[in-house]
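**Q** sequence first, predicted coordinates after that:
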Amino acid sequence: MLQVISPLKGFTIKAADGEIGTAVDFLFDDTSWKVRWLVIDSGTWSTGRKVLIHPSAISRQDLEQHEFVVVLTKAQVEGSSELIEDQPVSRQMENQLYTYYGWDPLWEGPNLATIPGAMASPLMAPPYLGLSSIDEAEARGDGVTLREADPHLRSFVEVTGYRVHALDGEIGHIDDLMIDDADWTVRYLIVDTRNWWFGSMC
């Protein structure tokens with residue numbers, strides 16, 4: 001089923017033994033156009049840590065209750081790697097998570113089909129989560145460097161508002177993304193064209 005992604009922000013994440021936080025962002029791969037990670041804020045339960053959860057961990061979603069049920073425990077999540085604020089996601093961290101949870105990095109969802117007309121060009125953006133702090137970290141000799149960061153991860157929060165250009169000029173900005181919840185592939189960009197084409201979204 002196709003879903004607009006912005007209403008999924010704020011969904012409660014429920015493990016087998018209780019709530020583990022809320023979804024605050026979605027990281028997608030700009031080559032496969034698949035959501036690879038949900039960024040979860042654990043709130044007061046785990047001292048405000050942010051962690052990454054793979055879409056394959058979701059066993060059920062409840063749109064009315066605004067929640068995702070995951071096949072994890074709170075202890076598992078607490079023992080996973082923490083996402084450091086204003087640091088990019090490194091390939092090493094992703095590999096650690098795949099190994100720690102036993103997730104398949106080649107997971108394609110239960111109903112993956114070839115997508116005709118899939119976009120090939122990547123969005124030109126810095127790796128998640130920002131460049132300024134990366135430069136500072138490199139200068140200090142700590143943190144994740146650009147070389148270690150995954151260059152293909154894009155933040156939904158970050159790309160919202162990006163301007164979209166056609167061959168003959170700007171047509172609007174990215175307002176939202178539409179995903180297929182069977183395999184978490186980004187199927188459409190929702191573009192706000194109102195500044196160019198009054199009252200329209202496409």
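**A** Done, it's in.
**Q** only C-alpha atoms for contact and neighbour calcs from this point on.
**A** Fine.
**Q** can you tell me the element the residue nearest to residue 176 when sequence neighbours are not counted falls in?
**A** Nearest residue to residue 176 in three dimensions, chain neighbours excluded: residue 190, at 5.0 Å (C-alpha to C-alpha, 6 or more residues apart in numbering). Under the criterion of DSSP states H and E, residue 190 resides in strand 185-192.
**Q** show residues contacting that strand.
**A** By C-alpha atoms under 8 Å, 6 or more residues apart in numbering, the list of residues contacting strand 185-192 from outside reads 32-35, 164, 172-180, 200-202.
**Q** and those, which of them are buried?
**A** 33, 34, 35, 172, 173, 174, 175, 176, 177, 178, 179, 180 (16 or more other C-alpha atoms under 10 Å).
**Q** wait, is the third one part of a helix?
**A** No - according to DSSP: H, G, I helix; E, B strand; the rest coil, residue 35 belongs to no helix; its state is strand.
**Q** how about it, nearest residue that isn't a chain neighbour?
**A** The spatial neighbour of residue 35 that comes closest, neighbours along the chain excluded (C-alpha to C-alpha, 6+ apart), is residue 28 at 3.9 Å.
**Q** and residue 164, that's in a strand?
**A** Yes - checked against three-state DSSP, residue 164 lies within a strand.
**Q** who does it form a beta bridge with?
**A** For residue 164, the beta-bridge partners under DSSP bridges are residue 172.
**Q** can you name the element that comes right after the lowest-mean-pLDDT helix or strand in the chain?
**A** When the helices and strands of the chain are compared on mean pLDDT, DSSP states H and E, helix 132-140 comes out lowest with a mean of 39. Per DSSP H and E, the first helix or strand lying C-terminal to helix 132-140 is strand 153-155.
**Q** thank you kindly, that will do.
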